[in-house]
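Undergrad: Quick one, structure for this:
(one chain, ligands or ions: 2)
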Amino acid sequence: MALSGKVAVVTGGAMGIGRAITETLLQSGATVVLLDVNESAAKSLLDDLHKVYGRDRTLFLSCTVESEEQVKAALQKTVDTFGGIDILCNNAGILNEGEWEKTVSINLLGVIRGTYVALQHMNKLTGGRGGVVINTASMAGLGPLLSCPVYTASKHGVVGFTRAMAAASKASDYGIRFNAVCPGFVQTDLISNTKLKLGQFSHLEDATNQLMAEMRMLAPSEVAACVLELATDETKNGEALMVFAQGKQYVTFPTL
Ligand SMILES: NC(=O)C1=CN([C@@H]2O[C@H](COP(=O)(O)OP(=O)(O)OC[C@H]3O[C@@H](n4cnc5c(N)ncnc54)[C@H](O)[C@@H]3O)[C@@H](O)[C@H]2O)C=CC1
Ligand SMILES: CCCCCC(=O)CC\C=C/C=C/C=C/[C@@H](O)[C@@H](O)CCCC(=O)O
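TA: Ligands and ions are numbered 1, 2, ... in the order given. Just a heads-up that it's a prediction; the model follows:
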């Protein structure tokens, strides 16, 4: 299988897109460590996964991506347990325009933190074996979502950070590829009760719902399939892969 022998870490791996990524990577032969704050969801998922994949290819570690200490401990535990890290999926994210600092802290700072801590373990220049980092951005990382300006900013930041890290890694010979997946609307808890999550922009919920209807919904598994493509296609570095209900498309960015 494509990922046999590979060790993957998935943040926010207990639910939604992260759960689908976890399952898809396991199906492809990887060992998967899922980091999440929702212990009950994670333990329920682990029970299901153990029945299908056995107990030796999955591990749940309670970890918030907001904590440097917890991320460092989780990635060290991963390396101590499975020998290294080959794939990092910085997937954890929230929608909360009311608590916008928390949105930035998780969606952007959490991606930067996970990347920088994993770099110490994955970088070929520091004893790592290289690999790939796939960041879950969003279509809102490529264009503005009027009802959630801070969520939009966080996702634009993820796209920019990913592309810059890809260039830095190539120029530095880290041996690590960096890519972003940019889904449209996906049927998960994140987009439930959006009116409560839009803060001062809750009056724009209808406009967002109209966009959601026009773009149609994706299943988490469709996003996970694109993550698998970015993980396994070694020609992909610095890419942003858009995922629509109608298909997928790599972004062509302007050459400055
Ligand atoms: N649902 C959608 O329409 C879209 C979602 N995305 C992005 O996909 C990613 C996953 O979101 P969904 O699966 O939709 O949401 P979800 O709410 O179903 O799952 C998010 C997971 O992240 C975990 N999490 C939240 N805060 C965390 C933290 N501080 N540390 C560790 N884990 C944490 C949650 O416990 C949950 O298991 C997010 O980055 C989101 O922005 C991108 C485009 C579309
Ligand atoms: C309700 C928030 C959902 C958060 C979850 C997501 O990340 C969903 C993102 C899905 C689609 C986003 C599409 C964004 C489209 C806009 O950029 C576009 O409609 C703007 C067009 C006009 C312009 O460029 O100003």
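
Undergrad: Can you give me the neighbour number for Gln200?
TA: Per other Cβ atoms under 10 Å, the neighbour tally for Gln200 reads 11. No exception for glycine: its C-beta is placed from N, CA and C like everyone else's.

Undergrad: typo on my end, Asp233
TA: Going by other Cβ under 10 Å, the residues that sit close to Asp233 add up to 14.

Undergrad: pLDDT wise, what is it at?
TA: Looking at Asp233, its pLDDT is 98.

Undergrad: Please apply the same query to Leu256.
TA: Per-residue pLDDT puts Leu256 at 89.

Undergrad: roughly how far apart are the residue nearest to Pro220 when sequence neighbours are not counted and Leu3?
TA: The shortest distance from Pro220 to any residue other than its chain neighbours is 3.6 Å, reached at Ala20 (Cβ to Cβ, 6 or more residues apart in numbering). Plainly put, Ala20 is 15 Å away from Leu3 if you go by Cβ to Cβ, to the nearest Å.

Undergrad: Export stretch 235-252 to CSV, keeping only CA atoms.
TA: Below are the C-alpha coordinates for stretch 235-252, written out as CSV (Å, rounded to 0.1, in the frame of the first residue of the first chain):
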residue,chain,number,x,y,z
THR,A,235,6.0,16.2,-7.4
LYS,A,236,3.6,18.3,-5.3
ASN,A,237,5.3,21.0,-3.2
GLY,A,238,3.9,24.5,-2.5
GLU,A,239,0.6,23.6,-4.0
ALA,A,240,-2.9,24.7,-3.0
LEU,A,241,-5.5,22.1,-4.1
MET,A,242,-9.1,23.4,-4.3
VAL,A,243,-11.8,20.8,-3.6
PHE,A,244,-15.3,21.5,-5.0
ALA,A,245,-18.4,19.4,-5.0
GLN,A,246,-17.8,19.2,-8.8
GLY,A,247,-14.1,18.2,-8.6
LYS,A,248,-10.7,19.5,-7.7
GLN,A,249,-8.3,22.0,-9.2
TYR,A,250,-4.7,23.1,-8.3
VAL,A,251,-4.5,26.9,-7.8
THR,A,252,-2.3,28.8,-10.3
